[in-house]
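[1] I'll drop the sequence and a predicted model, then ask my questions.
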Amino acid sequence: PPAPYARRGTAFHAWLESRWGQQRLLDPDELPGAADEGAVDDAHLARLRDRFEQSEWAAREPLDIEVPFETVIGDRLIRGRMDAVFRSPGGGYEVVDWKTGSPPSGDEARFVAVQLAAYRLAWAELNGVDVSQVSAAFHYVSANVTVRPADLLDAAGLAALLEDVPAA
């Protein structure tokens, strides 16, 4: 069954999808383990909603949400789903990943940025644009903090990183 943090994130993502008018495939109450005690704390979800409404993202309209992708990086097929993509004010695109936990620091912050690097490459490929026109960010909803790493890996950097990971 999903862990409490995963259920909280899923419930928040479902709320965002409905906020922007996209019909979700599953209601949070339909998830395995949703009936477990403490599965989704309504007070915490309400706080996340309030924090989101105070964020820079509340007034913006996404270009797309819950965007599935698959792309090849090096010799690996990478599949995933981007939470949201917005047009950047100065042109281009910004891929945003919503996080309901706390912002990481130090090495952990560098490690999680790999996810954004992959999303950035995938969006560029899906839309036939140069990767330089795509930025990526994490928005930590509880803290109302958006983190935009300045040094995301490019395709060659991601491929080199993946070379050290054993294939499944």
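    Arrived safely. Because the structure is predicted, anything quoted here is derived from the model rather than measured.
[2] domain parsing for this structure?
    4-54, 64-164 (the TED database).
[3] and the longest one, how far out from the chain's middle?
    So the one you mean is domain 64-164. Taking the mean of its C-alpha atoms, domain 64-164 sits 8 Å from the chain's own mean (Cα atoms, centre = their mean, to the nearest Å).
[4] need the domains of the chain in CSV with mean pLDDT, can you?
    CSV is the format used below for these (pLDDT from 0 to 100):
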stretch, mean pLDDT
domain 4-54, 69
domain 64-164, 93
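[5] turn these into TSV, columns for mean neighbour count.
    All C-beta spots, glycine's among them, are computed from the backbone N, C-alpha and C. Below are the domains of the chain laid out as TSV (neighbours: other Cβ atoms under 10 Å):
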stretch	mean neighbour count
domain 4-54	14
domain 64-164	16
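[6] what are the boundaries of the helices in the protein?
    4-19, 42-53, 106-127, 155-163 (DSSP state H).
[7] let's have the ones you listed in CSV, adding distance to residue 78.
    Shown next, in CSV, are the helices of the chain (distance: least, Cβ to Cβ, whole Å):
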stretch, distance to residue 78
helix 4-19, 20
helix 42-53, 28
helix 106-127, 6
helix 155-163, 8
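[8] of all those helices, which lies closest to residue 68?
    Of all these, helix 106-127 sits nearest to residue 68, with 9.5 Å by Cβ to Cβ.
[9] and the angle for the closest one with helix 155-163?
    120 degrees (axes from the mean of the first three to the mean of the last three Cα atoms, to 10 degrees).
[10] can you offset everything so residue one is 38?
    Happy to do that; since the first residue is 38 now, the last one works out to helix 143-164.
[11] can I get helix 143-164 as PDB, trimmed to CA atoms?
    The C-alpha trace of helix 143-164 is given here as PDB (Å, rounded to 0.1, in the frame of the first residue of the first chain):
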ATOM      1  CA  GLY A 143      23.300  19.700   0.400                       C
ATOM      2  CA  ASP A 144      24.000  16.600  -1.600                       C
ATOM      3  CA  GLU A 145      20.400  15.500  -1.500                       C
ATOM      4  CA  ALA A 146      19.300  18.700  -3.300                       C
ATOM      5  CA  ARG A 147      21.800  17.900  -6.100                       C
ATOM      6  CA  PHE A 148      20.700  14.300  -6.300                       C
ATOM      7  CA  VAL A 149      17.000  15.100  -6.700                       C
ATOM      8  CA  ALA A 150      17.700  17.700  -9.400                       C
ATOM      9  CA  VAL A 151      18.500  14.700 -11.700                       C
ATOM     10  CA  GLN A 152      14.700  14.200 -12.000                       C
ATOM     11  CA  LEU A 153      14.300  17.800 -13.300                       C
ATOM     12  CA  ALA A 154      17.100  17.300 -15.800                       C
ATOM     13  CA  ALA A 155      15.300  14.300 -17.300                       C
ATOM     14  CA  TYR A 156      12.000  16.200 -17.400                       C
ATOM     15  CA  ARG A 157      13.600  19.100 -19.100                       C
ATOM     16  CA  LEU A 158      15.100  16.900 -21.800                       C
ATOM     17  CA  ALA A 159      11.800  15.000 -22.300                       C
ATOM     18  CA  TRP A 160       9.800  18.200 -22.700                       C
ATOM     19  CA  ALA A 161      12.300  19.500 -25.200                       C
ATOM     20  CA  GLU A 162      12.100  16.300 -27.200                       C
ATOM     21  CA  LEU A 163       8.300  16.000 -27.000                       C
ATOM     22  CA  ASN A 164       7.900  19.600 -28.400                       C
END
